[in-house]
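Visitor: Test case, fold it:
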Amino acid sequence: MGGMRLGQNPLLAASARHPHDNGPAMPATPSPGPVRAACANRARGAAAPPCAIRVRRVHGGVAALFAFALSSLSTGTQAQGSSAPPAAASAPSPAAAAAAVQVRRLGDVALRPLRDAPAVVLARNESKVAAEVAGRVLRWRRDVGEAVARGEVLAEIDGTDYRLARERAKASLAAAQARQQLAMTQLQRSRELVGQGFQSQEVVNQRETEVQALAAEIASARSQLATAEQQLARTRVVAPFAASVKQRFAQAGEYVAPGTPLYLLIERGGAEVSGAIAPADVASLRSARAWTFEGAGFAVPLQLARVAPTVSAPARTVEARFTLSAADAAVPGSEGRVSWRDERPHLSADWIVRRTVDGRSQLGVFVLDGQRARFVPLPAAQEGRAVAVNLPDATPVVVQGQAALSPGQAVSVAPGNGPAAAGPDAVPAAR
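Guide: All right, here's what the predicted structure looks like:
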């Protein structure tokens, strides 16, 4: 508004005109003389002239426009003042932007979970002892549950026919030996006669051939005798190893043929434990330091013997065999579970977060890299499960505050929670 007079403002001049007045607009500032005259006439009871009404209306419009002008001027001044940054405003300090976290060494917080798998004790040998010769069972000597020593007689089969066969073999051998003795005597006599010129060399050759043929006949007779003796020995059914009788099939008086099962034996001692291992646990099984077989009321230390190179089709498991550290430590057929501790360091599921790296959503863990948080993806991680990591024990792992972190964000470690002996060099590259 400045020094502009009210009468020079066209808006004020236009507002001075009454909306129902068709005459010329009145001056914005009326002279005081007519106003006082009008007031005097009104005091005498005369009606107020139209000019006085217009003056009052002009005064009301001028006041309104003046207030509007002041308001606009004040608003513009404030707008111009707010456009300039305040002198006190400043960028946030790095300490205020850093996220507060707690950090621990991986070796101090890593988990070594306990793994287990179903297992059963298997005897080294579980054999069906069968008859090797035909005959009638004369008697059985051991029953179910009894322990037998190696070579102990379990049952006897009638061996009369086999004893007769042995005697015939002996007789055949004796006859062949007698003929051989005669042939050797004749050969010696023929050689003497050839020397005296009474016989030809051809006779000597015939005698030598007879001796050689009888020698072969004697060897055959001896073989037949050995076979007869072996058949006779097989009439006595013996245990092939120290065992316990699991089942007896032999019945006295029953005729059996070669191959008829008579006993089911389980070898005592040397039992093995067979475990059905998940393929994902084979690596931790091999790297474990100790294994234990636990059953109903017992726990037996084991030694890993071998791991099958194939996966069984029905159960999709790998068979692992263990030897018992103590003989007869577990009875064959006992069922339980084989357990071992996974020596690989595992991170708790509470410290694993999901972040987008290279356009892919991945699970991983934040580690301290200098004064910033670095995200290490863990491809084998699963939601809600601990995961094995291939990181040094000195790696500083963020264990609190990781949920709000971003890769590369500046962090401030809470006092007393930093890694004891870890620095930027202790953090390996992501694998």
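Visitor: Sketch out the strands for the stretch 101-250 of the chain, chain order is fine.
Guide: 114-122, 126-130, 135-140, 147-148, 153-157, 236-238, 243-248 (DSSP state E, counting those that start in this stretch).
Visitor: How about the stretch 251-400 of the chain?
Guide: Applying DSSP E, counting those that start in this stretch to the stretch 251-400 of the chain gives strands spanning 255-256, 261-267, 272-277, 291-295, 298-307, 318-324, 335-341, 346-347, 353-357, 360-369, 372-377, 387-388, 396-400.
Visitor: Sheet partners, orientation included, of the helix or strand following the last one?
Guide: From strand 396-400 onward toward the C-terminus, using DSSP states H and E, the following helix or strand is strand 411-413. For strand 411-413, sheet partners with direction are given as strand 99-105 (parallel), following DSSP bridges.
Visitor: how about the strands of the stretch 101-250 of the chain in JSON lines, adding distance to residue 358?
Guide: Just so you know, the C-beta spots here come from the backbone N, C-alpha and C atoms, and that holds for glycine as well. Putting the strands of the stretch 101-250 of the chain into JSON lines (distance: least, Cβ to Cβ, whole Å) gives the following:
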{"stretch": "strand 114-122", "distance to residue 358": "33"}
{"stretch": "strand 126-130", "distance to residue 358": "57"}
{"stretch": "strand 135-140", "distance to residue 358": "77"}
{"stretch": "strand 147-148", "distance to residue 358": "68"}
{"stretch": "strand 153-157", "distance to residue 358": "73"}
{"stretch": "strand 236-238", "distance to residue 358": "73"}
{"stretch": "strand 243-248", "distance to residue 358": "62"}
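Visitor: Which of these sits closest to residue 172?
Guide: strand 135-140 (22.9 Å; Cβ to Cβ).
Visitor: Okay, angle between the closest one and strand 261-267 too, please.
Guide: If you take axes from the mean of the first three to the mean of the last three Cα atoms, to 10 degrees, strand 135-140 sits at 50 degrees to strand 261-267.
Visitor: For strand 135-140, give the mean pLDDT please.
Guide: Averaged across strand 135-140, the pLDDT comes to 95.
Visitor: ok and it relative to strand 153-157, angle-wise?
Guide: 140 degrees.
Visitor: Distance from strand 135-140 to the middle of the chain?
Guide: How far strand 135-140 lies from its chain's middle: 57 Å, per Cα atoms, centre = their mean, to the nearest Å.
Visitor: for it, packing partners?
Guide: When contacts are defined as 3 or more Cβ pairs under 8 Å, 6 or more residues apart in numbering; DSSP states H and E, strand 135-140 packs onto strand 153-157, strand 255-256.
Visitor: Could you rerun that using 10 Å?
Guide: In terms of contacts (3 or more Cβ pairs under 10 Å, 6 or more residues apart in numbering; DSSP states H and E), strand 135-140 is packed against strand 153-157, helix 160-196, strand 236-238, strand 255-256, strand 261-267.
Visitor: Those: lowest mean pLDDT?
Guide: Among these, helix 160-196 scores lowest, with a mean of 90.
Visitor: what comes up buried for stretch 188-208?
Guide: 190, 199, 203-204, 207 (16 or more other Cβ atoms under 10 Å).
Visitor: Widest-spaced pair of those residues?
Guide: Applying Cβ to Cβ across the buried residues of stretch 188-208, the maximum distance is between 199 and 207, 9.7 Å.
Visitor: Identify the contacts common to these two.
Guide: Common neighbours of residue 199 and residue 207, using Cβ atoms under 10 Å, 6 or more residues apart in numbering, are 189-191.
Visitor: CSV for those residues, including distance to residue 228?
Guide: Shown next, in CSV, are the shared contacts of residue 199 and residue 207 (distance: Cβ to Cβ, whole Å):
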residue, distance to residue 228
189, 36
190, 36
191, 37
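Visitor: Looking at the residues you listed, which is nearest residue 153?
Guide: Nearest member of the shared contacts of residue 199 and residue 207 to residue 153, counting by Cβ to Cβ, is residue 189, at 52.9 Å.
Visitor: can you redo the helices and strands packed on strand 135-140 as CSV with distance to residue 366?
Guide: As requested, these are exported to CSV (distance: least, Cβ to Cβ, whole Å):
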stretch, distance to residue 366
strand 153-157, 70
helix 160-196, 84
strand 236-238, 71
strand 255-256, 76
strand 261-267, 57
